[in-house]
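> The sequence and its predicted three-dimensional model are supplied below.
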Amino acid sequence: MGYSKEIRQRARCLHCGDEIKYGRADKKFCCDDCRALHHNDALKESRAFRRRVLSRLAYNHDLLERLLDAGTESFSLLELASHGFTPDLMTSCRKVGKHMECSCFEIKYIMTASRIYSISKIQNVSLNLQNCNK
Ligand SMILES: [Zn+2]
């Protein structure tokens, strides 16, 4: 592998930004500590993202459950969004006929561009979970 002087002069550590003064031309970090810290940061970022998504899913679930408890079968997506619902987050979504049937954990609903309707609880959730493990 070539050690192009031009590339080595421009190479900067992805973590601290210091110039990489030695090693292969495609080296990404100036030292092992920077490599480890960079990967730890990436892991933290990934975990934080998952926490945010799970938190929003839980919030969506709570809103859907409140609609179910109130006996609501159809609701405006715009109004739901104004209460903090995130329509593009769901635990599953599939096309059923002409409709998109989505679910947020054990609550399923049909979603159009403007409404959700046919909100109901999925029966035999434990059976569905067994199928997920396959
Ligand atoms: Zn560094």
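Arrived safely. Computed from a predicted structure; not experimentally measured. Residues are numbered from 1 along each chain as shown.
> Return the set of buried residues in stretch 92-101.
By neighbour count, with 16 or more other CB atoms under 10 Å as the criterion, the buried positions of stretch 92-101 are 100-101. (Glycine included, C-beta is placed from N, CA and C.)
> Could you number the chain from 45 rather than 1 from now on?
In the new numbering, first residue 45, that becomes stretch 136-145.
> Same question for stretch 74-91: list its buried residues.
Of all the residues in stretch 74-91, those buried under the rule 16+ other CB under 10 Å are 74, 78-79, 82.
> my bad, should have said stretch 125-138
Counting neighbours by 16+ other CB under 10 Å, one finds that the buried residues in stretch 125-138 are 129, 134.
> So which residues make contact with it?
Applying CB atoms under 8 Å, 6 or more residues apart in numbering, the contact partners of stretch 125-138 are 97, 100-101, 103-104, 107, 121, 124, 144-149, 155, 160.
> hang on, the earlier thing: of the buried residues of stretch 74-91, just say which sits nearest to Lys88.
In terms of CB to CB, no member of these lies closer to Lys88 than His82, at 10.9 Å.
> okay, the closest one: pLDDT?
His82 carries a pLDDT score of 96 in this model.
> again, but for Gly46
Reading off the model, Gly46 has pLDDT 50.
> Among the contacts of stretch 125-138, which lie within strands?
Among these, the ones falling in strands (DSSP state E) are 144-148, 155, 160.
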